[in-house]
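S.K.: generate coordinates for the sequence data below:
(one chain, ligands or ions: 1)
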Amino acid sequence: MKTFYLGFLELKYDENIYNDFNEYSEFKKDIDLLFENENIRLEKIPENPTQRISDVHYDFVLEYQSDKYKRFMDIMENLQLKDMILYRLDFKFTKKEVSQSPLLYMATHFDFYATNIKHPSKYGTKYEKVFICPKCGSVEFKQISKLYWNTTQMKKKLFLEIPDDRYTGGYAIIITEKLAKIFKKQQFTGYSLEPVIHVGNKNKEKKCFQMIINNVMPSFSQKMPYILYDEDCTECQEFGKIKFPPHYDKSKDFNLSLEKNVTLGRQPLLLVSQKVKELFDILRISPAYEPIVVIK
Ligand SMILES: [Zn+2]
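M.R.: Residues are numbered from 1 along each chain as shown. As a prediction, the model looks like this:
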């Protein structure tokens, strides 16, 4: 796995650290040169600033924690530009890492997959709000009734992950009866099933189950990298680690991470075996997958 730092440096004239516009323009040229001298490729060299359009942006990529990265960051620190950089991390896996990873992070909860799906809380499913952290006030929803839902929303889908709703209830995974039978035949491990109670026209009911994944993984490896952003809470520190691909060794077919993602609500990572992916490929259930890292 290679980790890349996708940086976005912004220069702003109105930051008050320049005496006049000319000084700002010269400073911009120095920064152009810096990227050139450090041999850091830019998406494009930004236009020189004008009085009207004075902001300047640099898009660049560095291998995270490489010598080049460290040198560049030291320079940014000295120039007091470090806070002007926005970034995200990007992970690139080799084909071998993807095919040999015993476990894959399966992301089905992206919006494209559950578009226009109404949350079970709208059909009478009851949730209890559990307060997790007194410091940042984060809450989690615990489902305390059977799952009530209009099953016609499955349409042609065999597998559906309804994302956590920040205000009304937790996430739910729903599978059709057909898929439940296939899972049983495959002798998949790590989950149990509860019937979904259909709300709506009885003739249009699609027999479904709520899939409850009960194999929760141990904590991420101690060796896993860690970054805390300003908005992260130091009391529930899992947030910082979840920005990296999970690092583990032992698992079942279906697993949940102990740590929770907070992008949508508070939801653990769904981790599946290669066997699950192979089956889903055949059934044309196509979420996004990312390998995990096995510490040797
Ligand atoms: Zn917290």
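S.K.: so, low pLDDT: which residues of the protein?
M.R.: 108-114, 237-251, 262-265, 294-296 (pLDDT under 70).
S.K.: name the single longest helix found in it.
M.R.: The helix that spans the most residues within the chain, counting by DSSP state H, is helix 21-37.
S.K.: need the residues that contact it.
M.R.: 9, 11, 13, 18, 42, 45-46, 48-49, 51, 54, 56, 58, 60, 75 (Cβ atoms under 8 Å, 6 or more residues apart in numbering). All C-beta spots, glycine's among them, are computed from the backbone N, C-alpha and C.
S.K.: gap between the next helix or strand after that helix and the chain center?
M.R.: Sequence order places strand 56-63 as the next helix or strand after helix 21-37, per DSSP states H and E. Relative to the centre of its chain, strand 56-63 is centred 22 Å away, using Cα atoms, centre = their mean, to the nearest Å.
S.K.: now the longest helix of the chain and strand 56-63, what's the angle there?
M.R.: When axes from the mean of the first three to the mean of the last three Cα atoms, to 10 degrees is applied, the directions of helix 21-37 and strand 56-63 differ by 20 degrees.
S.K.: what residues sit buried inside helix 21-37?
M.R.: Within helix 21-37, the residues that qualify as buried by neighbour count (16 or more other Cβ atoms under 10 Å) are Y24, S25, F27, K28, I31, D32, L34, F35.
S.K.: for stretch 189-203, same thing?
M.R.: G190, Y191, V196, I197, H198, V199.
S.K.: quick revisit: wait, which of the buried residues of helix 21-37 is closest to I282?
M.R.: F35 (47.4 Å; Cβ to Cβ).
S.K.: show me what contacts T168?
M.R.: If you count contacts by Cβ under 8 Å, 6+ apart, then T168 has H119, S121, K122, Y127, F141 around it.
S.K.: picking that back up, filter the contacts of helix 21-37 to the buried ones?
M.R.: Burial of these was assessed by neighbour count (16+ other Cβ under 10 Å); the buried members are L9, L11, Y13, Y18, P46, P49, V56, Y58, F60.
S.K.: now the fourth one: how far from F72?
M.R.: Think Y18. The gap separating Y18 from F72 is 22 Å, by Cβ to Cβ, to the nearest Å.
S.K.: show me what the helix or strand encompassing F209 is packed up against.
M.R.: Using DSSP H and E, F209 falls within strand 208-213. Packed against strand 208-213, as judged by 3 or more Cβ pairs under 8 Å, 6 or more residues apart in numbering; DSSP states H and E, are the following elements: strand 172-176, helix 177-185, strand 191-195, strand 254-261.
S.K.: out of the ones you listed, nearest to the ion?
M.R.: The closest approach between the ion and any of the helices and strands packed on strand 208-213, judged by Cβ to the ion, belongs to strand 254-261 at 10.5 Å.
S.K.: torsion angles phi and psi at I132?
M.R.: The phi and psi torsions at I132 (degrees, to the nearest 10) take the values phi -100, psi -40.
S.K.: rewinding a little: out of the helices and strands packed on strand 208-213, nearest to N214?
M.R.: strand 191-195 (6.1 Å).
S.K.: please state the offset of that closest one from the chain centre?
M.R.: Taking the mean C-alpha point of strand 191-195 and that of its whole chain, the gap between them comes to 25 Å (Cα atoms, centre = their mean).
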